[in-house]
Structures are given as structure tokens and as C-alpha cells.
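Colleague: Just need the structure, nothing else, for what follows:
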Amino acid sequence: MKKNFIVVITSLLLVNTPAHAIDAKYRQKLERSGCTQMSEMQGCDINKSKAENAKANVVTETPAASAVQSAQANLPPYAGNWVAVGPTGATVAEIQINNQEQVKVNGKLVKAKRSDGALVFKQGFITYTIQGDRRLKGEDYWYDSDAKTKGPVNAK
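Modeller: Residues are numbered from 1 along each chain as shown. Predicted structure coming up:
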């Protein structure tokens, strides 16, 4: 019984050796060609240069470019500079919203909260609402509860 157990354990240890997916030469070819393992399966040739693969439209973007795009995709939809416009076309307020959703209206920091997919904040009698879904047009607005006026908020 012990003999069989030792044979099984020994064979398992021999079979369970670590496997390395990419060797150094293959990694260098991937770096030189601008390919990834995924793009190689889609036709990227690791024996060509980045320029040759780009010319053949196989490599569409570098990993750094995709990292920038994914970082931009993670930005809140409210981030940026906004202008509240009055009924006559005059500027009511200049609004800055940073990546942490901190809001400044005309340079003054105001408290903001999310409400039903929108960012809502108030300064004085004016309440500003900026929608989170950027596909909705004309949904960003301000409302003055004292003067009972309303107007659009536009991205700069």
C-alpha cells in the first residue's frame, strides 16, 4: 500500500512541473511586432514590424493607447466645463466638474449629489441638473426657484 502511495505521489510531482506560457524569444517577437497573443490569433504577424502590421491594419492600437481610452471611459460623464445659459443668451454661470465629481460654480465649491442618473447641485436659488447619460440631448438645465426661470446647461 505504501509502495503504491509513494509511486502515485512521485508521478504527480513529476507531472505537476510549472509551465511557462511565453519564452523570452516569443515575447521579444511580440514586442517588436506590436502584436498581442489575441491579435496574433486574428492575423497579426509576429515576424513583421509594428509598422508593417499597422500598414496591414492588423494592429489597430498600442497597449498605451488602449490604456488611455479605458481611463477616459472610466471618467464620470459629468466631468468637464459647462456653461449655464440664460433666456437671453447671457451666461448665468460657469461650471467646472472634476473627476471626483467636485463641482465649482463661478469658482465657488458647491455640494453635489447624484439623483436618478443626474448630478444635481445648487447655488443660491438656482438648481443645476446635469444628466449622466450623454446620449440624452437637451436634458442638462438650470432652474431659478426665485425668478421661476429655466435654461440649458451646455458643455464647453
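
Colleague: can you pull out the helices in this protein?
Modeller: Using DSSP state H, the helices of the chain run over residues 2-15, 24-33, 37-41, 50-55, 63-73.

Colleague: The fourth one packs against which elements?
Modeller: Put plainly, it is helix 50-55. helix 24-33 (3 or more C-beta pairs under 8 Å, 6 or more residues apart in numbering; DSSP states H and E). For glycine as for every other residue, the C-beta is placed from the backbone atoms N, C-alpha and C.

Colleague: And the contacts of the helix it packs on?
Modeller: 22, 36-37, 40, 44-50, 53, 59 (C-beta atoms under 8 Å, 6 or more residues apart in numbering).

Colleague: could I get it in PDB with only the CA atoms?
Modeller: In PDB, the C-alpha atoms belonging to helix 24-33 read as follows (Å, rounded to 0.1, in the frame of the first residue of the first chain):
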ATOM      1  CA  ALA A  24      11.900  35.200 -24.000                       C
ATOM      2  CA  LYS A  25      12.300  35.000 -27.800                       C
ATOM      3  CA  TYR A  26       8.500  34.800 -28.300                       C
ATOM      4  CA  ARG A  27       8.000  37.800 -26.000                       C
ATOM      5  CA  GLN A  28      10.600  39.800 -28.000                       C
ATOM      6  CA  LYS A  29       8.800  39.000 -31.200                       C
ATOM      7  CA  LEU A  30       5.500  40.100 -29.800                       C
ATOM      8  CA  GLU A  31       7.100  43.400 -28.600                       C
ATOM      9  CA  ARG A  32       8.800  44.100 -31.900                       C
ATOM     10  CA  SER A  33       5.700  43.300 -34.000                       C
END
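
Colleague: Sweet, I'm off.
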